[in-house]
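K.L.:
only geometry, no sequence info:
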Ligand SMILES: NC(=O)c1ccc[n+]([C@@H]2O[C@H](COP(=O)([O-])OP(=O)(O)OC[C@H]3O[C@@H](n4cnc5c(N)ncnc54)[C@H](OP(=O)(O)O)[C@@H]3O)[C@@H](O)[C@H]2O)c1
């Protein structure tokens, strides 16, 4: 089978397209013919060895896949060849293996896909959808003025919609271009502000009638985190779930004093430690239902063949993407997969 292997850390070009033996499913495993494999920002960090986890070398990256069951290992019950499934590899002991034509998956982590959800949509709902879902549960936006930073990204674009659905009073979206802000607006944001502009917090405060947001969902890091802390309303809460520019942020005495005197809180967030096998299936089921009934829109920002993976990594790292990027390793998607 064709697969993308990481043999050394570095630039996107270190991702190599190779012919590897198609794996044989062992006890309790299935072989999945990959329909779509999610590309996440975290993959770019792993590729550079700047992520919390260092992948062993060589590795096939890719921690979320969807597709069709192609073969069953011994002892697998309740799963049939030909089933459409989602496989959250990030919740398995191996954790990777998605950037390939076929992936080996423990059978007990598979989640059946309803006919209303495509392979691409389901891939987007795993890391990014679950992150957005857990974020709005952890810091509830009902009745609040909310700021979503990086609002056109994979997580951000779903956060805007889920915050709206959860009853946010006003949603402000921050992003780096007018095109991204228009996209966030199309998903339900009321206000858009370009946070690459020097006076963006003044623009935001003015648009909010002189007040700051009660809740800020923050992942940009660096100067954006610092400015977000400045604009947060008294009693407000900033939840930090990513730090794309973590090296550039200083948190010191002035920031601490501001937090104290404004009764504000800073919350860290990571979705993976919150998952259990049962909650994972229930939460993905909830997201599949929302997409199936049209209440949540997944935007696919790009589909890439395996040999184009470096292009996708470059796009993520250059802030060029909107929505979800996918690897689609087979030229033909099975007819059973609904669009998009
Ligand atoms: N804590 C968790 O459990 C968890 C789970 C999933 C993801 N995350 C993290 O959350 C963040 C967003 O994930 P995502 O999947 O939504 O990523 P994404 O689709 O790649 O979007 C990230 C957005 O961040 C903005 N950005 C700001 N500075 C950037 C930089 N230096 N390089 C690249 N992008 C930059 C870009 O928007 P603008 O151009 O508009 O600024 C970009 O669209 C990442 O840091 C990811 O690792 C955390």
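P.N.:
Looks like it arrived, so ask away. The model shown is predicted, which means the values in this text are computed figures rather than measured ones.
K.L.:
contact residues of the stretch 1-150 of the chain facing the ligand?
P.N.:
40, 41, 42, 127, 128, 131, 150 (Cβ under 6 Å from any ligand atom). All C-beta spots, glycine's among them, are computed from the backbone N, C-alpha and C.
K.L.:
give me the subset of those lying in helices.
P.N.:
41, 42, 131 (DSSP state H).
K.L.:
buried subset of the residues of the stretch 1-150 of the chain next to the ligand?
P.N.:
40, 41, 42, 127, 128, 131, 150 (16 or more other Cβ atoms under 10 Å).
K.L.:
can you redo these as CSV with pLDDT?
P.N.:
Below are those laid out as CSV (pLDDT from 0 to 100):
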residue, pLDDT
40, 97
41, 95
42, 94
127, 97
128, 98
131, 98
150, 97
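K.L.:
not counting its neighbours along the chain, what's nearest the residue in the stretch 201-340 of the chain positioned nearest to the ligand?
P.N.:
With Cβ to the nearest ligand atom as the measure, residue 242 is the residue of the stretch 201-340 of the chain nearest to the ligand, at 2.7 Å. Nearest non-adjacent residue to residue 242, counting by Cβ to Cβ, 6 or more residues apart in numbering: residue 219, 3.2 Å away.
K.L.:
next: residue 324.
P.N.:
In space, residue 324 is closest to residue 124, 3.8 Å off (Cβ to Cβ, 6+ apart).
K.L.:
pretty sure residue 218 is touching residue 225, no?
P.N.:
Yes - taking contacts as Cβ atoms under 8 Å, residue 218 lies within contact range of residue 225: 5.7 Å.
K.L.:
mutual contacts of those two, please.
P.N.:
The overlap between the contact sets of residue 218 and residue 225 (Cβ atoms under 8 Å, 6 or more residues apart in numbering) consists of 238, 240.
K.L.:
kindly state the domain boundaries assigned to this structure.
P.N.:
For the chain, automatic domain parsing gives the domain ranges 2-125+298-327, 132-268.
K.L.:
got TSV for these, with distance to residue 278 too?
P.N.:
As requested, the domains of the chain are arranged in TSV below (distance: least, Cβ to Cβ, whole Å):
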stretch	distance to residue 278
domain 2-125+298-327	11
domain 132-268	15
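K.L.:
test my guess that residue 236 contacts residue 258.
P.N.:
No - using Cβ under 8 Å, residue 236 is not in contact with residue 258; the gap is 10.9 Å.
K.L.:
where are the low-confidence patches of the stretch 151-300 of the chain?
P.N.:
245-246 (pLDDT under 70).
K.L.:
close to the ligand: what parts of it are there?
P.N.:
Checking the stretch 151-300 of the chain against the ligand by Cβ under 6 Å from any ligand atom, the hits are 152-156, 175-176, 180, 219-220, 241-242, 244-245, 269-271.
K.L.:
pull out the buried positions in stretch 48-66.
P.N.:
In stretch 48-66, counting by 16+ other Cβ under 10 Å, buried: 55, 59, 60, 61, 62, 63, 64, 65, 66.
K.L.:
which of those fall in strands?
P.N.:
65, 66 (DSSP state E).
K.L.:
and which of the buried residues of stretch 48-66 is nearest residue 164?
P.N.:
Among those, residue 64 lies closest to residue 164 (Cβ to Cβ), at 24.6 Å.
K.L.:
so how far is the ligand from the closest one?
P.N.:
Using Cβ to the nearest ligand atom, to the nearest Å, one gets 11 Å for the distance from residue 64 to the ligand.
K.L.:
that residue contacts residue 40, doesn't it?
P.N.:
Yes - using Cβ under 8 Å, residue 64 is in contact with residue 40, at 7.5 Å.
K.L.:
overlap of the contact sets of those two?
P.N.:
Joint contacts of residue 64 and residue 40 (Cβ under 8 Å, 6+ apart) are residue 127.
K.L.:
about what we covered before: so for residue 236 and residue 258, which sits in the more crowded spot?
P.N.:
For residue 236 versus residue 258, the count of surrounding residues by other Cβ atoms under 10 Å is larger for residue 236: 24 against 13.
K.L.:
list the contacts for the more buried one?
P.N.:
Here residue 236 is in contact with 212, 213, 214, 215, 216, 262, 264, 265 (Cβ under 8 Å, 6+ apart).
K.L.:
if you set the cut-off to 7 Å instead, what comes out?
P.N.:
212, 213, 214, 215, 264 (Cβ atoms under 7 Å, 6 or more residues apart in numbering).
K.L.:
out of those residues, which are inside strands?
P.N.:
residue 215.
K.L.:
top of the contacts of residue 236 by neighbour count?
P.N.:
Neighbour max across these (other Cβ under 10 Å) = residue 213, 27 neighbours.
K.L.:
before we move on, the earlier item: list the buried residues for the host helix or strand of the residue nearest to residue 324?
P.N.:
Using DSSP states H and E, residue 124 maps to helix 119-124. Using 16+ other Cβ under 10 Å as the test for burial, helix 119-124 gives 119, 120, 121, 122, 123, 124.
K.L.:
what is the mean pLDDT for that helix?
P.N.:
Looking at helix 119-124 alone, the average pLDDT works out to 98.
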